[in-house]
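1. quick one: sequence plus predicted model below, questions after.
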Amino acid sequence: MIKNKFTRYEIFLITTLAILQFSVILDFMVLSPLGAFLLKDLNITTSQFGLVVSAYAISAFASGILSAGFADKFDRKKYLLFFYIGFILGTAMCALSTSYEMLLVARIITGIFGGVIGSIGFAIITDIFKVEQRGRVMGFVQMAFAASQILGIPIGLELAQRFGWHSSFWMIVLFGIPLGLVIFFFMKPINEHLAIRTEQRAFTHLLNTLKNPRHLKAFAATVLLVTGGYMMMPFGSAFSTNNLGIDVKDLPLFYEITGLFSIITGPLVGRLSDKIGRFKVFLSGTILSILVLLYYTQLGITPFWTCVALNVLLFVGISSRIVSSSALISIVPEPQNRGSFMSVNASLQQLSGGISSAIAGMIVVQQSSGFIEHYEILGYVVALSMIVACIMIYRLEKYIEKHGKPA
């Protein structure tokens, strides 16, 4: 019999991991709408800003790979706290930055610690929750993505307008400190995987993770899954204000409405994913995303509410892809390899995203008037990557069905 209800501690754990994801995602998400401020305040080019965005991702990739061999050798709670403390310190360095070079270094440090946190969270979810529950759990945890739009980004933008862009990073630091204390005092140790793992050197453990055939199929699918978000988001606010004609003062409302719909969609998509199948939900989200994306990136001056409606549809599609694919990929690793697998998987996401952001910075060009050129080309590239990712996710699900589920 499948357990449908969560215990009180499980609810606490889901909520804590969702808030944790919120703070980490916000650190990346807030950089996109701050682009309009940073381009002007630090006097940097679009390619330099693309490098600032990708620096986090690339350093997170390196950190994830280097730490993967150790990911299953420690209590996951202690492992999580170590990297979260480093993430908070790195974000504080971003807040203290006064030049492009300082901000670039700060983003690298933040990426080293922050890029591993998501993988630890997903390893915890896979340890604690059954396969039949993970769609719902992923749906709730992925609400953090939408919550960062409703609460974090508008507040961050408001702080940036009133007190400068540094204050947006201070907001994340002040939010993260009490969350770290909650994890320290109230989260239980998560160490059952230590009893079943085989004794291996860190490098051997990493190598075995990389050689596993079912892992390789998941890694291949992951490489393309995040391309869309990383290519479109860094210049999203600049495109909205300069091409679509949305006033900077209306950006908080723009993100709030989009985030609200995404929060509602996340749990529904997760439940639907558990009920009718992960790939069916992923395919539906992909089709919706591509249709909206190809139209949206071609637009010029557009009424505010039309932009809002299109953005809502786009994020509903993206949310469907994220939740369903996360639930599917969580099935792949064996219990004793979950930390290592999730770490490598997150690293590949970061690497793919970092390269995508850098490429996006080279494709788009901002004119002296602020107008963003070639944004529609990004739309074509992202649409193509979504189609290929859909094929790979389909093949991964069929492979799992054929060879069985380890958890």
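-> Yep, it's here. All figures in this text were calculated on a predicted structure; none of them were measured in a lab.

2. Provide a list of residues in contact with residue 380.
-> By C-beta atoms under 8 Å, 6 or more residues apart in numbering, the contact list for residue 380 reads residue 294. Quick note: C-beta positions are derived from backbone N, CA and C, even for glycine.

3. tell me the pLDDT at it?
-> On pLDDT, residue 380 comes in at 88.

4. I'd say residue 297 and residue 375 touch.
-> Yes: between residue 297 and residue 375 there is a contact under C-beta atoms under 8 Å: 5.2 Å.

5. between these two, who's got more neighbours?
-> Between residue 297 and residue 375, counted using other C-beta atoms under 10 Å, the more crowded position is residue 375 (23 against 19).

6. point out where the stretch 1-150 of the chain drops to low pLDDT.
-> By pLDDT under 70, the low-scoring segments of the stretch 1-150 of the chain are 1-4, 32-33, 145-146, 148-150.

7. show me the helices in the stretch 1-150 of the chain, by range?
-> Counting by DSSP state H, counting those that start in this stretch, the stretch 1-150 of the chain has helices at residues 8-29, 35-41, 46-68, 76-96, 100-128, 134-141, 143-147.

8. same question, the stretch 201-350 of the chain
-> Going by DSSP H, counting those that start in this stretch, the stretch 201-350 of the chain shows helices at 202-211, 213-225, 227-232, 236-242, 251-276, 278-296, 304-329, 338-363.

9. and those helices: which comes nearest residue 65?
-> helix 338-363 (5.0 Å; C-beta to C-beta).

10. the closest residue in space to residue 90 that isn't next to it in sequence and residue 63: what is the separation?
-> Spatial nearest neighbour of residue 90, chain neighbours left out: residue 110 (3.2 Å); criterion: C-beta to C-beta, 6 or more residues apart in numbering. Distance, residue 110 to residue 63, using C-beta to C-beta, to the nearest Å: 10 Å.

11. more neighbours: which of these two?
-> Legend: neighbour count by other C-beta under 10 Å for residue 110 and residue 63, higher for residue 110 (28 against 24).

12. surely the more buried one meets residue 27?
-> Yes: assessed by C-beta under 8 Å, residue 110 is found in contact with residue 27 at 6.6 Å.

13. mutual contacts of the two, please.
-> 87, 91.

14. residue 257: neighbouring residues, count only.
-> 17.

15. now residue 171: how far from residue 101?
-> In terms of C-beta to C-beta, residue 171 sits 23 Å off from residue 101.

16. what does residue 116 give?
-> Taken as C-beta to C-beta, the span from residue 116 to residue 101 is 25 Å.

17. those two - which one has more neighbours?
-> When neighbours are counted by other C-beta under 10 Å, residue 116 and residue 101 differ, and residue 116 comes out ahead with 31 against 10.

18. how about that one: what's its closest non-neighbour residue?
-> residue 83 (4.8 Å).

19. give me the number of residues near that neighbour?
-> Residue 83 has 21 nearby residues by other C-beta under 10 Å.

20. how close does it get to residue 174?
-> Distance from residue 83 to residue 174, by C-beta to C-beta: 19 Å.

21. before we move on, what about residue 287?
-> 41 Å.

22. more crowded one of those two?
-> More crowded of residue 287 and residue 174, by other C-beta under 10 Å: residue 287, with 15 against 11.

23. gap between the more buried one and residue 379?
-> 15 Å.

24. how about residue 252?
-> For residue 252, the distance to residue 379 - C-beta to C-beta - is 25 Å.

25. and if you look at residue 373?
-> In terms of C-beta to C-beta, residue 373 sits 13 Å off from residue 379.

26. quick one, which of the two is more surrounded?
-> residue 379 (21 against 13).

27. so residue 191 sits in a helix?
-> No: the assignment for residue 191 (DSSP: H, G, I helix; E, B strand; the rest coil) gives coil, which keeps it out of a helix.

28. got the phi and psi for it?
-> Backbone torsions of residue 191, given as degrees, to the nearest 10, read phi -140, psi 10.

29. excluding chain neighbours, give the residue nearest to it in space.
-> residue 75 (4.4 Å).

30. please apply the same query to residue 299.
-> Nearest one to residue 299, counting by C-beta to C-beta, 6+ apart, is residue 244 at 6.0 Å.

31. now the one you found: how far from residue 311?
-> Residue 244 is 10 Å from residue 311, by C-beta to C-beta.

32. returning to that earlier point: so for residue 14, which of the helices of the stretch 201-350 of the chain sits nearest?
-> Nearest to residue 14, of these and by C-beta to C-beta, is helix 251-276 at 10.5 Å.

33. which strands and helices sit next to the closest one?
-> With contacts taken as 3 or more C-beta pairs under 8 Å, 6 or more residues apart in numbering; DSSP states H and E, helix 251-276 sits against helix 134-141, helix 143-147, helix 153-163, helix 236-242, helix 278-296, helix 304-329.

34. how does it look with 6 Å?
-> With contacts taken as 3 or more C-beta pairs under 6 Å, 6 or more residues apart in numbering; DSSP states H and E, helix 251-276 sits against helix 134-141, helix 143-147, helix 153-163, helix 304-329.

35. great, nothing more from me.
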